[in-house]
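> mind looking at a prediction? Sequence and model below.
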Amino acid sequence: MVQPIETVLSARGLIKTFGHVEALRGADFDVRPGEVVALLGDNGAGKSTLVKTLAGVHRPDGGTIYVDGTPVEFGDTRDARAAGIEVVYQDLALAPHLNPSENVYLGREIFRPGILGKLGVLDKSAMAKEAQRGFAQLGVKIRDHRAPVRSMSGGQQQGVAVCRAAMWAKKILFMDEPTAALGVVQTKEVLDLVRRVRDTGVAVVYICHNIPEVMEIADSIEVLYLGKRIASLKAPDTSMAEIVSAMTGAYEGGQK
């Protein structure tokens, strides 16, 4: 079975169990290129499990994942990354003692050419140049590129984490509660950054509990309830009441 190629990433009937707990009970999911998809659901709805399954952290016990309409199997996160999928988790997973460019290339280091590279000598100049070009492209302002990220504000750290993922994401960028610990100004900066990532053609899956924020940023909305997709909505045509209804299991509209 091949999914329509207008979806860059899809899932059909995903099942994932942990012992006696069925976290995903036949979940469906769809993302189209160059859009922001909000993934919503109450605690325990299966959002984190779905994201980790689509990102190669968990292997599904049933169902199928499609990339560009073709069925795929991710053995681990490296397979998902090779397919163009990156994730910014809520804890950001930054190395606090490293500077922004070193964090961008953490695990993907560039080595000096020739014998120096074979000896493990890093090409810090090349990494800094490419990282700074990525920051500039996405409009992320870094005051001091040599400073460790632990000395930066929460908004700047979020910008580094998003930029790192966006530089490597070819198709999909998952963002888990990116503004949860940020103030109003920093939240606006992150939302602007999400739009700039989307405008590069990379689809963004935005996991969030803040419904007004979702209404502001999302093109479409996918709602999970007890491990299944209960609603697939177009954000401009959707009300907050419909979203709340879906999150609480009362919505009967299906797709929109």
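Yes, it's here.
> end to end, how far does stretch 85-99 reach?
In stretch 85-99, first residue to last residue: 24 Å (CA to CA, to the nearest Å).
> residues touching that stretch, excluding its own?
9, 51, 54-56, 102-103, 106, 145-150, 157-158, 160-162, 165-166, 168-169, 171-178, 180 (CB atoms under 8 Å, 6 or more residues apart in numbering). C-betas here are computed from N, CA, C, even on glycine.
> and it, which residues are buried?
The neighbour-count check on stretch 85-99 (16 or more other CB atoms under 10 Å) flags 85-89, 92, 94, 98-99 as buried.
> so for it, mean pLDDT?
For stretch 85-99, mean pLDDT is 89.
> equivalent analysis for stretch 30-46, please.
93.
> check stretch 58-66 too.
96.
> next, the buried residues of it.
58, 60, 63, 65-66.
> let me know the closest of these to residue 35.
Checking these against residue 35 with CB to CB, the nearest one is residue 66 at 16.4 Å.
> and the closest one, that's in a strand?
Yes - the assignment for residue 66 by DSSP: H, G, I helix; E, B strand; the rest coil puts it in a strand.
> so what sits opposite it in the bridge?
residue 10, residue 71 (DSSP bridges).
> ok so, going back, show only the entries of the contacts of stretch 85-99 found in strands.
9, 172-176 (DSSP state E).
> now that we have those, which one has the most neighbours?
residue 175 (28 neighbours; other CB atoms under 10 Å).
> surely that one and residue 213 touch.
No - using CB atoms under 8 Å, residue 175 makes no contact with residue 213, being 11.8 Å away.
> pull up the overlap in contacts between those two.
Counting by CB under 8 Å, 6+ apart, nothing touches both residue 175 and residue 213.
> show me where this protein has helices.
47-54, 77-82, 100-104, 115-118, 124-137, 154-168, 184-199, 211-217, 240-247 (DSSP state H).
> give me the residues contacting the third one.
Contacts with helix 100-104, where a contact means CB under 8 Å, 6+ apart, come from 94-95, 124, 127-128, 130-132, 134-135, 142, 145, 149, 160-161, 163-164, 167.
> only alpha carbons, please: show it as CSV.
Output of helix 100-104 as CSV, limited to C-alpha atoms (Å, rounded to 0.1, in the frame of the first residue of the first chain):
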residue,chain,number,x,y,z
PRO,A,100,26.4,27.3,19.7
SER,A,101,28.3,26.0,16.7
GLU,A,102,29.8,23.2,18.7
ASN,A,103,26.3,22.2,19.7
VAL,A,104,25.1,22.3,16.1
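> so how far is residue 146 from the nearest residue to residue 244 once chain neighbours are set aside?
Counting by CB to CB, 6 or more residues apart in numbering, residue 244 lies nearest to residue 211, which is 7.2 Å off, once chain neighbours are set aside. Distance from residue 211 to residue 146, counting by CB to CB, to the nearest Å: 40 Å.
> these two: who's more crowded?
Relative neighbour count places residue 211 above the other of residue 211 and residue 146, with 15 against 10, counting by other CB under 10 Å.
> touching, that one and residue 241? I think so.
No - with contact defined as CB under 8 Å, residue 211 does not reach residue 241; the gap is 10.0 Å.
> still on that earlier bit, by mean pLDDT, show me the worst of the helices of the chain.
helix 115-118 (a mean of 82).
> which residues touch that one?
So helix 115-118 is contacted by 111, 123 (CB under 8 Å, 6+ apart).
> pull out the buried positions in that helix.
In helix 115-118, counting by 16+ other CB under 10 Å, buried: nothing.
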